[in-house]
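Novice: A predicted structure for the sequence below; I have some questions about it.
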Amino acid sequence: MKNWLTKEFFIDLLRTDVEKWNELTAKLTKINLNGAKLNHANLNHANLDGAKLNDAELNYAELNHANLNGAKLNGAKLNYANLIGAKLNGAKLNDAELNHANLDFSVWPLWCGSFDVKVDKKIAAQLIYHICKLDCNDAEFLKIRNNTDLIAFANEFHRVGECGEIEELK
């Protein structure tokens with residue numbers, strides 16, 4: 001029996017005017033969408049666990065609270081995508097583009113699968129801010145962490161007003 005949930009079916013579905021398409025796409029685990037053009041797609045809350053999205057275009061896509069655990073996003077374009085609360089554990093993001101993406105309340109994968117991700121200054125400042133908020137008393141870390149240029153850059157984090165400015169630690 002042929003799998004009806006193909007890349008072509010999925011892309012055709014996105015082109016239709018189906019208001020409840022999220023119900024149909026609630027579970028898209030391991031689907032192969034490599035190279036798909038999904039710009040502006042509404043994938044909020046979609047379960048894309050283990051999905052293949054290498055070189056996919058997801059610019060301006062809505063991926064709020066989407067499950068992208070283990071997803072293959074190598075070379076994917078996620079510029080201006082909303083990834084608020086997205087789960088990215090084990091996601092492969094090598095060479096992905098995340099310029100101007102919103103990653104608030106999401107999980108940045110801390111393994112080699114996130115090497116060489118292209119980000120803008122906003123995301124870089126957000127990551128540096130979080131590093132500066134670590135509670136680490138190691139002298140070598142504190143020397144780097146207390147660098148005035150690093151602190152100034154970290155304080156460009158877009159939520160510094162809520163979270164407080166980074167200050168030099170003694």
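Specialist: Great, that's in hand. Every value quoted in this text rests on a predicted model; they were computed, and no experiment measured them.
Novice: all contacts plus neighbour counts: C-alpha atoms, from now on.
Specialist: Noted.
Novice: from what I can see, residue 34 looks like it's in a strand, true?
Specialist: No: checked against DSSP: H, G, I helix; E, B strand; the rest coil, residue 34 lies outside a strand; its state is coil.
Novice: Show me the domain layout of the chain.
Specialist: 1-119, 122-163 (automatic domain parsing).
Novice: any idea how far residue 129 is from residue 154?
Specialist: Relative to residue 154, residue 129 is positioned 4 Å away (Cα to Cα, to the nearest Å).
Novice: Check residue 148 too.
Specialist: 10 Å.
Novice: If you count surrounding residues, which of the two has more?
Specialist: Neighbour count, other Cα atoms under 10 Å: between residue 148 and residue 154, residue 154 has more, with 26 against 12.
Novice: ok so, going back, find residues that contact each of residue 129 and residue 154.
Specialist: Here residue 129 and residue 154 have residue 166 as joint contacts, going by Cα atoms under 8 Å, 6 or more residues apart in numbering.
Novice: tell me the pLDDT at residue 140?
Specialist: At residue 140, the model reports a pLDDT of 96.
Novice: Also residue 61?
Specialist: In this model, residue 61 carries a pLDDT of 94.
Novice: That one: what's it in contact with?
Specialist: 38-43, 78, 80-82.
Novice: can you redo those residues as TSV with neighbour count and secondary structure?
Specialist: Shown next, in TSV, are these (neighbours: other Cα atoms under 10 Å; DSSP: H, G, I helix; E, B strand; the rest coil):
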residue	neighbour count	secondary structure
38	22	coil
39	18	coil
40	17	coil
41	18	coil
42	18	strand
43	24	coil
78	29	coil
80	19	coil
81	24	coil
82	27	strand
